[in-house]
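A.B. asks: Sequence and predicted structure, then a few things I'm wondering about:
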Amino acid sequence: MPYRSSSWIARAEGEGHLQAVTLADGQRTECDELGVGFGLLPSTELAAALGCRIDAESGAIAVDIAQQTSQPHILAAGECCGIGGADKALIEGEIAALQILGEDIRPLAARHRRQLAFAARLHDTFTPRPELLRLADPGTMICRCEDVSLGRLRAEHGWREAKLQTRCGMGACQGRICKPIAHELLGWHAEETTPREPLQPAPLRAFVSLRPAAEETPPAPP
């Protein structure tokens, strides 16, 4: 497959279904399927709920060379410690396991440094360009849980007002998706709050199954 650098989808077109896309350079290509991605963010809700420090610059869980967080006996590994791919996640999992077992982690140090270097190169190469932030128009959906568009958000003065007036960030994802987008597009700095349980959307049957056996209603006699 061809790989184009310094190029991105500027517009998707079609009547009732996708028929073509227009690239940033004006080239139009007919197609019927499109997949887009604008980067990944570390998932840190569980760590934040446990009181672990989150690095302000990267947005990832702050860990030392042994994958130890700021909280005793809590280690973290993988993309939550910074986006870097599967190999980085695997080596960090090995380091964390060895640390828990009291084994020597030094033999893994060189491999880990290589993966961290790759992660840094990945960040430098694929961090979304400023031009991408201008692709969103007033009709672009920012909060998919509550169907809140960029146009509606621009009428508000900040994240708190947007939540109160539009319910942006109040849906199933609790702002995990729309809050960083609003930060990038509107410059809003949301107040830091401790995540509330459940940390991820869960079906009601998951909570029903947690009831103690004694609370279960006995079966009716035959």
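C.D. replies: All right, it came through fine.

A.B. asks: so what's the residue nearest the centre of the chain up against?
C.D. replies: Against the mean C-alpha coordinate of the chain, by Cα atoms, centre = their mean, the closest residue is residue 41 at 3.7 Å. Neighbour list for residue 41: 59, 83, 180 [criterion: Cβ atoms under 8 Å, 6 or more residues apart in numbering]. (C-beta placed from N, C-alpha, C; glycine too.)

A.B. asks: repeat that with 10 Å
C.D. replies: Going by Cβ atoms under 10 Å, 6 or more residues apart in numbering, residue 41 touches 58, 59, 60, 79, 80, 83, 176, 177, 180, 181.

A.B. asks: Quick check: it vs residue 94, distance?
C.D. replies: Residue 41 sits 24 Å away from residue 94 when distances are taken as Cβ to Cβ, to the nearest Å.

A.B. asks: ok, now residue 24?
C.D. replies: 41 Å.

A.B. asks: do residue 72 as well
C.D. replies: 21 Å.

A.B. asks: Can you tell me what sits against stretch 199-215?
C.D. replies: So stretch 199-215 is contacted by 43, 45-46, 48-49, 145, 171-174, 176, 198, 216 (Cβ under 10 Å, 6+ apart).

A.B. asks: Centre of the chain to that stretch, how far?
C.D. replies: 25 Å (Cα atoms, centre = their mean, to the nearest Å).
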